[in-house]
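**Q** Next come a sequence and a model predicted from it.
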Amino acid sequence: MTNPLFDTLFGVHAGKETPFLHLYDGTVITHAGFIAMAARMAHVLTDAGLAPGDRLAAQVQKSPEALALYAACVQAGLVFLPLNTGYTTDELTYFIENSGASCVVCDAKAKNALAPIAERLGARLETLNADGSGTLSDQAADRPDSIPTVARSEDDLAAFLYTSGTTGRSKGAMLTQANLLSNALTLREYWRFTADDVLLHALPIFHTHGLFVATNVTLVAGGSMIFLPKFELDQMIDLMPKATTMMGVPTFYTRLLDDPRLTKARAAHMRLFISGSAPLLAETHMQFERRTGHRILERYGMTETNMNTSNPCDGDRRAGTVGFPLPGVELKITDPASGEELAPGEVGQIEVRGANVFKGYWQMPKKTAEELRSDGFFITGDLGCVDEDGYVHIVGRNKDLIISGGYNIYPKEIELVLDDQPGVLESAVIGVPHADFGETVLGLIVPEPGAHPDLDVIAEAAKGSLARFKHPRKLIVIDALPRNTMGKVQKNALREAYRDIFSPAEG
Ligand code: MLC
Ligand code: AMP
């Protein structure tokens, strides 16, 4: 194969007039139509001088064209770098600069803000809007429907996905063709995806879950997707009877359960509901089964590793567990201090090894060495254990991380912004339970002696530099942060003290 990822995911479908994307307005884009769309874009990118290995950063709304841009990059041998549509210009500047992108694709609305940085880096700037229009599509319109695929090996990079760091700036996780391909093929078998499957797709396509898990699995199975711009409850309820599978974060499931239209009859055509990216409460799992007759299949993954473990498709899907290591993935539980493997049943840090595990962080050899051992095991930062039946349980995190509605938020990034505000001595940002998002962000502020910081001004400052999903939902002034004898802020004590602030205890 000249380009294993392209050939296996996309190339095999060239010329097939089978449905690939069903849009809400009834439009159907066939596999052949999609591959041709991608080829036209690949012409534009290669004609512009982009060479294999160059990075293309894209902050674009979800659309068939946005997905075709991913396929075009794979075909042209470019490294695809998708970016959260919520990121501010400050945040984007770092990703674009750090990755050394040769091309930036954004919504026309963001063009003026990104032009200076693109110019500084000598990067091309193209636009692609939510409706598929823009300079990229304009140029692609009269290009040929096919293009020779650029040769790549399995070890070549296919994508960069940035993940935030607990202390410093975000790290670009380098994913190879083999990382993505091995996981897609494994999941197709494990979850029994076939060409008959129709996946209800409402996830964003700038993260592992919506881009790689959902899309790549559908592509290797030759199936189709009902491709929605975002999660809209009415559309999900409306379209469920036309789908066979759905992938979502736990918020999708709690929102569906809050709607009385979710019934056994409505879910009767579905064969599989999959959840991941954040812990699914056992209660949600049980409620969903009572309401629909389906046991949600929970799986566990990460940006750096794709999917690691999954509950079985045919066997017992256990609430509160993330199932078994996937075929080809080794998993062990180790002592965080010594790195020694622990006895079965003991809680420790989860480490994984396999073809799914990334190549390292872009231009960060020190960070890479801290998390990716020389023997290939990756230290996930999650804490868990394996029970006597082999099911993996995630019981906590060894990293200061908040997961809100499936988005990862690193408190340090927010604390740095809060600490910079007038009258603030120091701050602590914690995740607290939230009925809709699972966890949400709470900011605790300690004023300088005699100061009375204006919380509205501070909230405004956060808005300027941080994406909306990272904004503290509440700011509270407190006298002092609890510290242990080493001077370390005791976030556990804070989480305990404020655990009911958004979801008050019963009674
Ligand atoms: C939106 N908002 C969020 C938010 N999503 N705030 C906190 N956390 C989130 N996740 C903001 C909105 O901008 C809005 O701001 C307000 O909160 C309420 O918006 P909403 O209408 O309720 O949000 P909605 O657009 O419906 O989005 C919620 C959501 C979405 C859960 C559907 O966040 C989502 O699709 N999440 C999926 C994330 C995901 O794909 N994660 C996978 C990562 S990969 P305002 O100002 O209007 O109030 C990974 C690996 C793995 O983790 O294992 O899969
Ligand atoms: P990300 O960095 O966005 O890829 O997020 C990966 C993190 O999400 C993991 O390290 C886990 O902490 C968390 N995660 C993913 N799936 C699950 C799950 N099923 N249960 C609990 N946590 C999960």
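**A** Noted; the coordinates are in hand. Ligands and ions are numbered 1, 2, ... in the order given.
**Q** could you check whether stretch 225-233 is close to ligand 1?
**A** Yes: contact of stretch 225-233 with ligand 1 (C-beta under 6 Å from any ligand atom) involves 230-231. (Each C-beta comes from the backbone N, C-alpha and C, glycine too.)
**Q** Grab the nearest non-local neighbour of the residue of the chain found nearest ligand 1.
**A** Going by C-beta to the nearest ligand atom, ligand 1 is nearest to residue 405 of the chain, at 2.4 Å. In this structure, residue 405 finds its nearest non-sequential neighbour in residue 437, 4.2 Å apart by C-beta to C-beta, 6 or more residues apart in numbering.
**Q** just for the stretch 401-507 of the chain, where's the confidence low?
**A** Across the stretch 401-507 of the chain, the ranges flagged by pLDDT under 70 are 504-507.
**Q** I misspoke; the intended subject was the stretch 1-150 of the chain.
**A** For the stretch 1-150 of the chain, applying pLDDT under 70 flags the ranges 1.
**Q** for ligand 2, what are the nearby residues on the chain?
**A** 163, 208, 276-279, 298, 300-303, 322, 380-382, 394, 397, 403, 408.
**Q** Show me which residues of this structure sit near ligand 1.
**A** Residues of the chain that fall close to ligand 1, judged by C-beta under 6 Å from any ligand atom: 203-204, 207-210, 230-231, 249, 251, 276-277, 301-303, 404-407, 437, 468-469.
**Q** filter those to the buried ones?
**A** If you count burial by 16 or more other C-beta atoms under 10 Å, the buried members of the residues of the chain next to ligand 1 come out as 203-204, 207-210, 231, 249, 251, 276-277, 301-303, 404-407, 437, 469.
**Q** Which of these fall in helices?
**A** Members of those lying in helices (criterion: DSSP state H): residue 251.
**Q** Which ones among the buried ones among the residues of the chain next to ligand 1 lie within strands?
**A** 301-302, 404, 407 (DSSP state E).
**Q** What is the most widely separated pair among those?
**A** 301 and 404 (17.5 Å; C-beta to C-beta).
**Q** count of neighbours near residue 332?
**A** 16 (other C-beta atoms under 10 Å).
**Q** Check which element follows the host helix or strand of it along the chain.
**A** Taking DSSP states H and E as the definition, residue 332 sits inside strand 330-334. Beyond strand 330-334 on the C-terminal side, the first helix or strand identified by DSSP H and E is strand 348-353.
**Q** hmm, who's touching the strand holding residue 332?
**A** Outside strand 330-334, the residues that touch it by C-beta atoms under 8 Å, 6 or more residues apart in numbering are 308-309, 325, 340-342, 346-354, 377, 379, 384-386, 392.
**Q** Next, the buried residues of that strand.
**A** For strand 330-334, the buried set under the neighbour-count rule, 16+ other C-beta under 10 Å, comprises 331-334.
**Q** Over to stretch 290-303?
**A** Quick answer for stretch 290-303 (16+ other C-beta under 10 Å): 291-292, 294-303.
**Q** Over to stretch 95-111?
**A** Here stretch 95-111 shows 95-96, 98-99, 101-107, 110-111 as buried, counting by 16+ other C-beta under 10 Å.
**Q** So which of the residues you listed sit within strands?
**A** Those of the buried residues of stretch 95-111 lying in strands (DSSP E): 103-106.
**Q** Would you convert the ones in strands among the buried ones among the residues of the chain next to ligand 1 into CSV that also reports distance to residue 477?
**A** Listed next are these as CSV, based on distance: C-beta to C-beta, whole Å:
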residue, distance to residue 477
301, 38
302, 35
404, 22
407, 26
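**Q** Out of the buried residues of stretch 95-111, the closest to residue 428 would be?
**A** Looking at those and their distance to residue 428, the nearest is residue 95, at 26.3 Å (C-beta to C-beta).
**Q** Now do the same contact list for the closest one.
**A** Residues in contact with residue 95 (C-beta under 8 Å, 6+ apart) are 57, 81, 83, 87, 162, 170, 172.
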